[in-house]
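S.K.: Model the structure of this input:
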Amino acid sequence: MRLIILILTTFGLILINGCTKKNYEENVDQVPGIISGTFSRSIEFEGETREYLIHIPISYDSIQSVPLMLNFHGWTMSASDQMYVSDMRTLSDSEQFILVYPQGTKLWGSTHWNVGSWTTGSQANDLDFIDALTDQLVKNYNIDEERIYACGYSNGGFFSQELACQLTNKIAAIATVAANMSSQTVNNCDPSHPVPVITISGTMDKVVQYDGSRPEGTISHNNTLDYWITFNNMDAEPIISDLQDINIFDGSSVTLYQYLNGDNYVEIEHYKIVDGGHDWPGTFGNMDIDANTVIWNFVSQFDINGKR
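M.R.: Prediction:
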């Protein structure tokens, strides 16, 4: 799978980067002022310079606290790649949340997030990096610490699951696209509160298989959902809705599964992209839904104490 991920992801990035250009400021002052826009910044962590992109929404004034969305890239990708795959900056401006794209480190020459399983051998202390990064962001900005969310694509989605399990004192809700859970994540999962989860995955994904992959140490998507359904103590039978097939040319359709009545009134939503691949819906692949919008609309209903 490592080789397949590299080839497919690299191909995708060539297409993305071929039609976009940087539109954020680099090497800005590390002590941010109250300025809206997108900036490249870094922090020193365990002797390394760890980078991230940050978008400050229009009208941010430091007086009113705002939510924070952490958005994680996939294997071989970068923070800037993820910003184009999942460009939530317009949402950030309209919904008033701070948006951060952290940058992973390299394993076998490719950027990654350490989730165990197929990333076994990684020395990256990514959990503590995100812990330190959120502390720094809370120090620099007026962030609502009860509304810190994590989402991610592929390896970044696996890492969002890891954060829900291991950084549960900070993460209020998570969203994953084209991702399940790694075996190591689920075996060591120890959340301290019910966790709202939204997942979006294609049944024909050849990179992250919907039914999981034993050699790569990934559990199936259904088992991923089952873990959170059981942990959250919610209704086992979902409400199932076939969504309108708006784009008949994308080769896929969407079925929504909603699991309700969890502890603290948390919920789970699963957007099953029938015949979908390793997609970020609304950007490439399935075009019946916009992943950015459905993710925000879901997670924003919750804080770390449950449904708001």
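S.K.: Spell out, range by range, the strands that occur in the stretch 101-250 of the chain.
M.R.: Using DSSP state E, counting those that start in this stretch, the strands of the stretch 101-250 of the chain run over residues 105-107, 110-112, 143-153, 171-177, 197-202, 239-242.
S.K.: and the nearest residue to Asn222 once chain neighbours are set aside, what pLDDT?
M.R.: Distances taken as C-beta to C-beta, 6 or more residues apart in numbering place Asp211 nearest to Asn222, at 7.9 Å, with adjacent residues excluded. In this view, the C-beta of every residue, glycine as well, is placed from N, C-alpha and C. What the model reports for Asp211 is a pLDDT of 97.
S.K.: Correct me if wrong: Asp211 contacts Ile219.
M.R.: No - under the criterion of C-beta atoms under 8 Å, Asp211 is not in contact with Ile219, lying 9.3 Å apart.
S.K.: how deep is Glu44 tucked in, by neighbour count?
M.R.: 11 (other C-beta atoms under 10 Å).
S.K.: and it, that's in a helix?
M.R.: No - membership of Glu44 in a helix is not supported by DSSP: H, G, I helix; E, B strand; the rest coil, which gives strand.
S.K.: what separates the residue lying closest to it once chain neighbours are set aside from Tyr101, distance-wise?
M.R.: Nearest in space to Glu44, with sequence neighbours left out and distances taken as C-beta to C-beta, 6+ apart, is Arg50 at 7.7 Å. In this structure, Arg50 and Tyr101 are separated by 12 Å, where distance is defined by C-beta to C-beta, to the nearest Å.
S.K.: next one: Lys170
M.R.: Applying C-beta to C-beta to Lys170 and Tyr101 gives a distance of 17 Å.
S.K.: Settle it for me: which of those two has more neighbours?
M.R.: Neighbours were counted for Lys170 and for Tyr101 using other C-beta under 10 Å; Tyr101 has more, 29 against 18.
S.K.: Tell me the bridge partners for that one.
M.R.: Beta bridges link Tyr101 to Leu53 when assigned by DSSP bridges.
S.K.: Can we start the residue count at 58 from this point?
M.R.: Sure thing, new numbering starts at 58, so read that last one as Tyr158.
S.K.: For it, give me its contacts.
M.R.: Taking C-beta atoms under 8 Å, 6 or more residues apart in numbering as the definition of contact, the neighbours of Tyr158 are Tyr109, Leu110, Ile111, Asn128, Phe129, His130, Ala136, Ser137, Gln139, Met140.
S.K.: And Arg107, by the same measure?
M.R.: Going by C-beta under 8 Å, 6+ apart, Arg107 touches Ser99, Ile100, Glu101, Pro159, Gln160, Thr162, Phe186, Leu190.
S.K.: on that earlier part again, Asp268 and Ile276: which has the busier surroundings?
M.R.: Here Asp268 and Ile276 are compared on neighbour count by other C-beta under 10 Å; more neighbours surround Ile276, at 21 against 13.
S.K.: List the contacts of that one.
M.R.: Shown in contact with Ile276 (C-beta under 8 Å, 6+ apart): Asn237, Met238, Ser239, Ser240, Val243, Gly269.
S.K.: May I see those arranged in JSON lines, with neighbour count and distance to Ser149 as well?
M.R.: Listed next are the contacts of Ile276 as JSON lines, based on neighbours: other C-beta atoms under 10 Å; distance: C-beta to C-beta, whole Å:
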{"residue": "Asn237", "neighbour count": "29", "distance to Ser149": "27"}
{"residue": "Met238", "neighbour count": "31", "distance to Ser149": "27"}
{"residue": "Ser239", "neighbour count": "27", "distance to Ser149": "29"}
{"residue": "Ser240", "neighbour count": "20", "distance to Ser149": "34"}
{"residue": "Val243", "neighbour count": "21", "distance to Ser149": "31"}
{"residue": "Gly269", "neighbour count": "19", "distance to Ser149": "33"}
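S.K.: In CSV, list those along with distance to Asn354.
M.R.: Formatted as CSV, the contacts of Ile276 follow (distance: C-beta to C-beta, whole Å):
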residue, distance to Asn354
Asn237, 23
Met238, 23
Ser239, 27
Ser240, 31
Val243, 27
Gly269, 28
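S.K.: With respect to Ser217, which of those is nearest?
M.R.: For these, the residue nearest Ser217 by C-beta to C-beta is Met238; the value is 9.9 Å.
S.K.: my guess is that closest one meets Leu282, correct?
M.R.: No - in this structure Met238 lies outside contact range of Leu282 using C-beta under 8 Å: 9.6 Å.
S.K.: Please consider this matter closed, and thank you.
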